[in-house]
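[1] here are the coordinates; sequence isn't available:
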């Protein structure tokens, strides 16, 4: 089996309007204080991180996406405020979060469960820490370096943007500076349920 040299994940990608608006407002606050602020084309809502996957298993995931997600319902989402993931007092990811009602939250958790099931059926063992962590829906906006801190204005950002998540995509993580962004889409499936 050959190994593909990128990591894979399942995600929902906001509309271009939402990505552009979020990225523009985040860059206005973060751009002068942080080096690694994400471009609009890189914003996504990760459902399941699959990790390094060999070519055979990647094909199984692609082939199984319609069966796994096709009958799931689209989800109305609202991008809300901001937050961060931190360890030992250091922020390692700054993000835009979601304001979720009960139904939207349940539908997102259903997509996560379907993604994890698809991974298992494709022979992909998820990292224990990824499978055990609670799901926190977010759009990663920046990854501060150890010496960088988010400006105070970041915590006050409120986006209040609505979008309909109507597809799940399989993306590769290829790193910054590549044509098409750091997360090119390998496969996609529309959510056609009700």
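    That came through, no problem. These numbers were taken from a predicted model, which means no experiment stands behind them.

[2] lowest average confidence, helix or strand, in this protein?
    Between all helices and strands in the chain, the lowest mean by mean pLDDT, DSSP states H and E belongs to helix 128-132, at a mean of 68.

[3] show me what the helix or strand following it is packed up against.
    Sequence-wise, the next helix or strand beyond helix 128-132 is strand 138-142, with elements assigned using DSSP states H and E. Helices and strands in packing contact with strand 138-142 are listed as helix 16-30, strand 75-87, strand 90-98; criterion 3 or more C-beta pairs under 8 Å, 6 or more residues apart in numbering; DSSP states H and E. Backbone N, C-alpha and C define where each C-beta goes, glycine included.

[4] redo these as JSON lines? Include distance to residue 171 and mean pLDDT.
    Converted to JSON lines, the helices and strands packed on strand 138-142 look like this (distance: least, C-beta to C-beta, whole Å; pLDDT from 0 to 100):
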{"stretch": "helix 16-30", "distance to residue 171": "14", "mean pLDDT": "96"}
{"stretch": "strand 75-87", "distance to residue 171": "18", "mean pLDDT": "92"}
{"stretch": "strand 90-98", "distance to residue 171": "17", "mean pLDDT": "90"}
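
[5] tell me which of the ones you listed sits most buried.
    Highest mean neighbour count among the helices and strands packed on strand 138-142 (mean count of other C-beta atoms under 10 Å): strand 90-98, with a mean of 19.

[6] give me the low-pLDDT residue ranges for this structure?
    Scanning the chain with the threshold set as pLDDT under 70 gives 1-6, 88-89, 129-132, 176-181.

[7] and the longest helix seen in it, what does it pack onto?
    Here the longest helix in the chain is taken by residue count, with DSSP state H as the criterion, and it is helix 102-121. Helix 102-121 sits against strand 3-12, strand 45-54, helix 55-69, strand 75-87, with contacts defined as 3+ C-beta pairs under 8 Å, 6+ apart.
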